[in-house]
Each structure stands twice: as structure tokens, then as C-alpha cells.
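In: Sequence and predicted structure are below.
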Amino acid sequence: MSTVDSRLKSKELDLFFEAVLKLQSVDECYKFFEDVATINELKALAQRIHVAGMLKEKKVYTEIVEETGASTATISRVNKCVNYGTGGYNLILDRLDGKK
């Protein structure tokens with residue numbers, strides 16, 4: 001049972017997230033996400049996690065724009081989520097960092 005109070009909460013999104021949790025490898029992720037999302041959508045999501053990581057490393061906007069190609073609007077939105085969001089970026093970035 002979920003304890004998350006989200007405006008997005010729905011049976012359809014629960015099903016989607018349950019499906020994602022069933023993926024067992026990066027290869028399976030490629031197969032699934034290439035079927036359910038466009039290339040541009042996937043690239044945008046990947047860019048955002050990259051931006052979030054750079055923000056956590058205290059990189060400045062100009063450096064992030066140069067390395068990722070993200071717009072300052074995207075960087076600002078990600079920054080807002082990293083600092084004032086639900087904690088999702090920080091949760092994942094901390095777990096990824098622990099993997100290194």
C-alpha cells in the first residue's frame with residue numbers, strides 16, 4: 001500500500017510504476033521504455049537526472065547548460081524539485097552515488 005500523497009495518484013499510474021519495478025536490468029529498461037515513450041521523452045528524462053546530479057554537485061547554470069544542453073528553464077525546474085520537491089531526485093541520486 002502506498003503512503004505517497006500525490007496529485008498524480010491513479011490506478012493507471014500505479015500499474016505503470018508496478019511495471020517499472022518489475023524490470024530487472026538496464027537492457028529490459030531499454031526494451032520497455034523504447035516501447036512506451038518517444039526518444040525525445042526519454043532523452044528529456046535522462047537530461048533531467050543529469051541536471052539534478054550536477055546541481056547536487058553545486059555546478060552553476062552556465063556549466064550545466066554547456067554540458068547537458070538543457071535550457072535554463074529546465075535547470076530551474078529541476079533545481080526547484082531538488083531543493084523543494086518530494087525528495088525523489090535526492091533519493092535516487094543518493095542511491096546511485098552509493099553504487100559507485
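Out: Perfect, thanks for sending it.
In: And the lengthiest helix in the chain, what does it pack against?
Out: When the chain is parsed with DSSP state H, its longest helix is helix 39-56. With contacts taken as 3 or more CB pairs under 8 Å, 6 or more residues apart in numbering; DSSP states H and E, helix 39-56 sits against helix 61-68, helix 72-84, helix 88-99. For the C-beta atoms, the positions are set from N, CA and C on the backbone; glycine is no exception.
In: just checking, what packs against the last one?
Out: The one in question is helix 88-99. Against helix 88-99 (3+ CB pairs under 8 Å, 6+ apart) you get helix 39-56, helix 72-84.
In: OK, contacts around residue 36?
Out: Listed by CB atoms under 8 Å, 6 or more residues apart in numbering, residue 36 has no contact partners.
In: The residue lying closest to residue 69 once chain neighbours are set aside - how many residues pack around it?
Out: Leaving aside its sequence neighbours, residue 69 sits nearest to residue 47 (CB to CB, 6 or more residues apart in numbering; 7.2 Å). Residues within reach of residue 47, counting by other CB atoms under 10 Å, total 18.
In: Same check on residue 13?
Out: Count around residue 13 with other CB under 10 Å applied: 11.
In: That one: which element?
Out: helix 11-22 (DSSP states H and E).
In: How about that helix, which residues are buried there?
Out: Within helix 11-22, no residue counts as buried by 16 or more other CB atoms under 10 Å.
In: what mean pLDDT does that helix have?
Out: Taken as a whole, helix 11-22 has an average pLDDT of 96.
In: Just after it, pick out the following helix or strand.
Out: Per DSSP H and E, the helix or strand that comes after helix 11-22 is helix 26-36.
In: Next, the angle helix 26-36 makes with the helix holding residue 13.
Out: 150 degrees (axes from the mean of the first three to the mean of the last three CA atoms, to 10 degrees).
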